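Novice: Next input, structure requested:
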Amino acid sequence: MDAKVLLRFGVLSPVAFWLTIFACGIFLPDYSHLTRMVSELGEQGVLTQYYFTFGLVVVALFSVPFIIALQKECRARGLHMLPVLILWLFTLSILGAGIFPYPTYLHGLLGSPSMLLFLSPLLALVLWPHKKISGVRLLSGVALVLMLLGFTIFIPDILQNLFGVKQRVFHLAWTVWFVSLWFMFRKSDTDRVLPPA
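Specialist: Down below sits the predicted model:
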């Protein structure tokens, strides 16, 4: 299959995420994206629970062909695979958080691996030579900084009344990283048709 087609799912996945949370937010009375958690949109028993679940499952499914394409591209270009393999943890995390609603134990447990996503741009910064993949230093650096800023959710004294903003900084970070990966890999080698897995 054409790599360009698969890589586009790296853009479609975050688009599906943001459409899901904004659409669900419209239908929840008094919900504020500035102060409340994303998970509350899929909270057990709320009006938008199943729409939220469906949306996150789509986000996870969209990321699968994207990651597969990245793995094939890394293999073809002689790039280390580890930065891409970390993305599987994030995909499973999104899937688990969607299937098991907040505030169940499994929601928190399966959603927690997403905190390891910062390792993906960090490892890309260290392991991927900038001569082999244009823009990797800048784009991985920006994504990494945003992800680290997202960790302020664990520091209550910072923007204590804006938890939703802090959480969405993290989601902005993975959006930037997914789109950056699409942008970096969409050229040159991706013009060819990839061999079957």
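Novice: Contacts for the helix or strand encompassing residue 137 next, please.
Specialist: Residue 137 is part of helix 136-150, with elements assigned from DSSP states H and E. Helix 136-150 has contacts (C-beta atoms under 8 Å, 6 or more residues apart in numbering) with 117-118, 121-122, 124-125, 128, 130, 166-167, 169-174, 176-177, 180, 183-184. Bear in mind the C-beta positions are built from the backbone N, C-alpha and C, glycine included.
Novice: Go through those residues and flag which are in helices.
Specialist: Of the positions in the contacts of helix 136-150, 121-122, 124-125, 166-167, 169-174, 176-177, 180, 183-184 sit in helices, assigned by DSSP state H.
Novice: Name only those of these that count as buried.
Specialist: The neighbour count (16 or more other C-beta atoms under 10 Å) marks 121-122, 124-125, 166-167, 169-174, 176-177, 180, 184 as buried among those.
Novice: ok, these vs residue 28, which is closest?
Specialist: Proximity of those to residue 28 (C-beta to C-beta) peaks at residue 167, which lies at 15.8 Å.
Novice: Is it correct that residue 8 is in contact with residue 183?
Specialist: No: using C-beta atoms under 8 Å, residue 8 is not in contact with residue 183; the gap is 11.2 Å.
Novice: distance of residue 6 from residue 130?
Specialist: 24 Å (C-beta to C-beta, to the nearest Å).
Novice: Same question for residue 103.
Specialist: Between residue 103 and residue 130 the distance is 43 Å, computed by C-beta to C-beta.
Novice: how about the helices in this protein?
Specialist: 3-7, 9-27, 49-77, 82-99, 105-111, 119-127, 136-150, 163-185.
Novice: how about the ones you listed in a markdown table, adding mean pLDDT?
Specialist: Output for those, formatted as a markdown table (pLDDT from 0 to 100):
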| stretch | mean pLDDT |
| --- | --- |
| helix 3-7 | 86 |
| helix 9-27 | 97 |
| helix 49-77 | 96 |
| helix 82-99 | 96 |
| helix 105-111 | 93 |
| helix 119-127 | 96 |
| helix 136-150 | 95 |
| helix 163-185 | 95 |
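Novice: wait, what's in contact with the spatially closest residue to residue 75 that is not a sequence neighbour?
Specialist: Spatially, and ignoring its direct neighbours in sequence, residue 75 is nearest to residue 81 (7.3 Å; C-beta to C-beta, 6 or more residues apart in numbering). For residue 81, the contact set (C-beta under 8 Å, 6+ apart) comprises 71, 74, 75.
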